[in-house]
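Asker: coordinates only, no sequence provided:
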């Protein structure tokens, strides 16, 4: 009985080995050609190409609209950004009692520094900084490239510029309320800027 069992296992192992060998050989000789590995993208994201079309401008404006909504109601953690607005102002008081009273939300003067928990307890301070400057980039993209869109009516160009200027000014107002003096970037940066004042 044991010999019969061993003989069946050898046949199964030989069959599995033969199948694996056939698969490996067919993959080696019948693999994909080098042409298949060459990238063939449908489009490229280049600002000079993307934002000089109506669809590119609409995309940037749609992103601004989305970021505006997210800056008030991003519910991915305990706090929404507007909750952070209230927490770090005179509108509310941090009253969570099940944590130690030494964190940055209790002693903001010494606890809330750039290196010690700018998003402590789920607050959205770093999120507000990052997303606001990200939105400013899109507003600057619209104002920089809107005049290069061919065939766009002058009144439509003014509408795009007006929307971009609204977001730009609103975003800087919000940054000034949160962080005080902040660097103003009013155009697309092509080289690293080092002379902020």
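Answerer: Received, thanks. Everything numeric in this text was worked out from a predicted model, so none of it was measured.
Asker: for the chain, what helix or strand is lowest in average pLDDT?
Answerer: helix 108-111 (a mean of 58; mean pLDDT, DSSP states H and E).
Asker: quick one: average pLDDT of the helix or strand hosting residue 19?
Answerer: Assessed by DSSP states H and E, residue 19 sits inside helix 2-29. Here helix 2-29 scores 65 as its mean pLDDT.
Asker: just to revisit the earlier point, what comes up buried for whichever helix or strand comes after the least confident helix or strand of the chain?
Answerer: Going down the chain from helix 108-111, the next helix or strand is helix 125-145, by DSSP H and E. Across helix 125-145, burial judged by 16 or more other CB atoms under 10 Å covers 125, 127-129, 131-132, 135-136, 138-145. Yep, even glycine has a C-beta here, placed from its N, CA and C like the rest.
Asker: what does stretch 149-162 give?
Answerer: 149, 152, 160.
Asker: now that stretch: mean pLDDT?
Answerer: In the prediction, stretch 149-162 has an average pLDDT of 91.
Asker: what comes into contact with it?
Answerer: 52-54, 57, 61, 142-143, 146-147 (CB atoms under 8 Å, 6 or more residues apart in numbering).
Asker: okay, those residues in TSV with distance to residue 164 next?
Answerer: Shown next, in TSV, are the contacts of stretch 149-162 (distance: CB to CB, whole Å):
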residue	distance to residue 164
52	15
53	16
54	14
57	9
61	8
142	4
143	5
146	8
147	12
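Asker: rank those residues by pLDDT and give me only the lowest.
Answerer: Scoring the contacts of stretch 149-162 by pLDDT puts residue 52 last, at 82.
Asker: mind checking the SS state of that residue?
Answerer: Classification of residue 52 using DSSP: H, G, I helix; E, B strand; the rest coil returns coil.
Asker: just to revisit the earlier point, need the buried residues of stretch 149-162 in TSV (columns: distance to residue 179 and secondary structure).
Answerer: Shown next, in TSV, are the buried residues of stretch 149-162 (distance: CB to CB, whole Å; DSSP: H, G, I helix; E, B strand; the rest coil):
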residue	distance to residue 179	secondary structure
149	34	coil
152	36	coil
160	28	helix
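Asker: now the residues you listed in CSV, with distance to residue 73?
Answerer: What follows is the buried residues of stretch 149-162, written out as CSV (distance: CB to CB, whole Å):
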residue, distance to residue 73
149, 32
152, 32
160, 25
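Asker: tell me the one among those nearest to residue 183.
Answerer: residue 160 (24.6 Å; CB to CB).
Asker: which residue is the nearest non-sequential neighbour of that closest one?
Answerer: Among residues not flanking residue 160 along the chain, residue 146 sits closest, at 4.8 Å (CB to CB, 6 or more residues apart in numbering).
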